[in-house]
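>>> got a sequence here, can you model it:
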Amino acid sequence: MENKAKSKKRYITLIIMALGASAIYFLPFLRWTYYDSLKLALGLDNTQFGTLMSAYGIAAMIFYFPGGWLADRVSARKLLTFAFASTGILGFYFSTYPSFNMLLIIHFIWGVFSTLTFWSAMIKATRDLANSNEQGRFYGLLEGARGLLTTVIAMGAVAVFTSLGAGVVGLTWVIIIFSLTNLFAAILTWLVLEDTSFTGEQKPVLLDALSIIKMPVVWLIALIVITCYSTYLGTTYLTPYVTQVLGASAAMGALIAIIRTYGLQFFGGPLGGFVADKKGSSAQIVMYCFAVMLICMVVFLILPASNSLVIALLLNMFVMGLAIFMMRGIYFATLDEVGIPSNLTGSVVGIVSLIGFTPDVFFNPIAGHFLDAYPGAVGYKYIFILMIGFVSVGLVASIVLLKLIKKSKSVKGDNQVLVRG
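Model prediction:
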């Protein structure tokens, strides 16, 4: 009975973390769903709009590794509660649409909250919740639950947005709803999560960093994350592509964005996790996902931007989104597969994320430049070419990682050689 109760609490804890993991990204990534409306409300051009995400990304670059080091030493309960509450409070100020300089500061601070006090703490807490043979499942369920919760909340927000005229007033209420969701997540996190107990040797931050960067698999995982995330960011431009090039309405574009970004997350995350556990290798499923993504991107590039092909393009978009979320649900499950010590989980996640999420700094300004310099379908074609390059590199990195894992197991009988460099 005690084991059953403990198992139930693990899943409840996972759901609470999924709610917070959804809520904390609603505000800084509002542009993914309300691109045209938010840009208009803020009075920005495409390049300035992209620069806001660069401010967010710069903060991420600075604080990803310190956040990982912190997660190995401070309870996830405290870190996550602070992150959710602070993000929500700042959201209320964002709803007043301040000046461009203040918007840059807001996005920078959001970047601090989501990296220093949230990201690595969530990844480490998820790994600690799962047994070794459940890593893919728990990471996949986390991703899937994020997708489900985000879809429900985001679609409710779209209903509010549409009912209020799909203008500034509706957008303001969307921002308020997302801010309140963060505060609610903070309360639940404090009430449900338990304080973490830390084991293993705790080294100074620089010694942790030096030991981690000597591991070849860490660099390969980072390469997988950076290429997957770059492609993921690229898919956010499919919303304005559908509205500006294919002629869909703003409301229809928002609905498609929610389904693509959040609905597929609900199916893709758990599917990737369960398949990875079934196959006994998250790295292998990552490789398959990259292959599917490459095919989909080539289809986007070669098909003309025609209204007659909109159904085919949307189906291709959804297949690609499913592959992306299957991978996002499991690429951190490879930490266990390659034998990363538990007491280094946060620090490894910090370094991998420092490298892997740098596209927050450069991708959006580059894409924004393409759209400003090459109006219409041509600008989007350049974005598609950029995404094909990233997917190709990620496919190669996943193949190399899988070969290293197989070679290590055949020679040593385990994966410990991979973390000794």
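>>> got the buried residues for the host helix or strand of residue 299?
Using DSSP states H and E, residue 299 sits within helix 282-302. For helix 282-302, burial by neighbour count (16 or more other C-beta atoms under 10 Å) applies to 282-290, 292-294, 296-297, 299-300. C-beta: built from backbone N, CA, C; applies to glycine.
>>> now residue 86: closest residue in space, sequence neighbours ignored.
Spatial nearest neighbour of residue 86, chain neighbours left out: residue 113 (5.1 Å); criterion: C-beta to C-beta, 6 or more residues apart in numbering.
>>> show me what contacts that neighbour?
With contacts defined as C-beta atoms under 8 Å, 6 or more residues apart in numbering, residue 113 is in contact with 24, 82-83, 86-87, 90.
>>> what of residue 366?
So residue 366 contacts 50, 386 (C-beta under 8 Å, 6+ apart).
>>> for it, grab phi and psi.
With angles defined as degrees, to the nearest 10, residue 366 sits at phi -70, psi -50.
>>> just residue 15 next, same as before
phi -70, psi -40.
>>> and residue 385, how many residues sit next to it?
13 (other C-beta atoms under 10 Å).
>>> what's the angle from the lengthiest helix in the chain to helix 282-302?
If you go by DSSP state H, the chain has its longest helix at helix 377-412. Computed with axes from the mean of the first three to the mean of the last three C-alpha atoms, to 10 degrees, the direction of helix 377-412 lies at 160 degrees from that of helix 282-302.
>>> and the contacts of residue 113 as a markdown table, adding secondary structure?
Listed next are the contacts of residue 113 as a markdown table, based on DSSP: H, G, I helix; E, B strand; the rest coil:
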| residue | secondary structure |
| --- | --- |
| 24 | helix |
| 82 | helix |
| 83 | helix |
| 86 | helix |
| 87 | helix |
| 90 | helix |
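>>> possible to save those residues as a markdown table with neighbour count?
Converted to a markdown table, the contacts of residue 113 look like this (neighbours: other C-beta atoms under 10 Å):
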| residue | neighbour count |
| --- | --- |
| 24 | 28 |
| 82 | 19 |
| 83 | 30 |
| 86 | 21 |
| 87 | 31 |
| 90 | 19 |
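>>> from those residues, pick the one nearest residue 71.
Distance to residue 71, by C-beta to C-beta, is smallest for residue 83 among the contacts of residue 113, at 11.2 Å.
>>> state the next helix or strand along the chain beyond the helix or strand where residue 103 lies.
Element membership for residue 103, per DSSP H and E: helix 100-114. Using DSSP H and E, the next helix or strand after helix 100-114 towards the C-terminus is helix 120-129.
>>> run through who's touching that following helix.
10, 13-14, 17, 20-21, 64, 67-68, 70-72, 74, 76, 79-80, 83, 135, 138-139, 142, 193, 196, 332, 335-336, 342, 345-347, 349-350, 353.
>>> same question for stretch 97-105.
Contacts of stretch 97-105 (C-beta under 8 Å, 6+ apart): 41-42, 44, 48, 51-52, 55, 94, 106, 168.
>>> in that stretch, which residues are buried?
Using 16+ other C-beta under 10 Å as the burial criterion, the residues of stretch 97-105 that qualify are 97, 103-104.
>>> next: stretch 350-370.
Neighbour-count burial for stretch 350-370 flags 350-361, 363-365, 367-368, 370 (criterion: 16+ other C-beta under 10 Å).
>>> same deal with stretch 104-114?
Under 16+ other C-beta under 10 Å, the buried positions of stretch 104-114 are 104, 106-114.
>>> same list, the residues you listed, but as TSV with distance to residue 60 please.
Shown next, in TSV, are those (distance: C-beta to C-beta, whole Å):
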residue	distance to residue 60
104	14
106	15
107	10
108	10
109	12
110	10
111	5
112	9
113	11
114	7
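>>> does residue 35 touch residue 239 like I think?
Yes: Residue 35 is within contact range of residue 239, at 5.7 Å (criterion: C-beta atoms under 8 Å).
>>> which one's more surrounded, the two?
More crowded of residue 35 and residue 239, by other C-beta under 10 Å: residue 239, with 27 against 22.
>>> so what's the more buried one scoring on pLDDT?
We have a pLDDT of 80 for residue 239.
>>> give me the nearest residue to it, chain neighbours excluded.
residue 257 (4.3 Å).
>>> that neighbour: neighbour count?
24.
>>> which residues of the stretch 1-150 of the chain score low on pLDDT?
For the stretch 1-150 of the chain, residues meeting the criterion pLDDT under 70 lie at 1-5.
>>> ranges for the helices of it?
Per DSSP state H, counting those that start in this stretch, the stretch 1-150 of the chain carries helices over the ranges 2-26, 35-42, 46-71, 76-94, 100-114, 120-129, 135-163.
>>> what residues sit buried inside the first one?
Residues of helix 2-26 classed as buried under the neighbour-count rule (16+ other C-beta under 10 Å) are 13-26.
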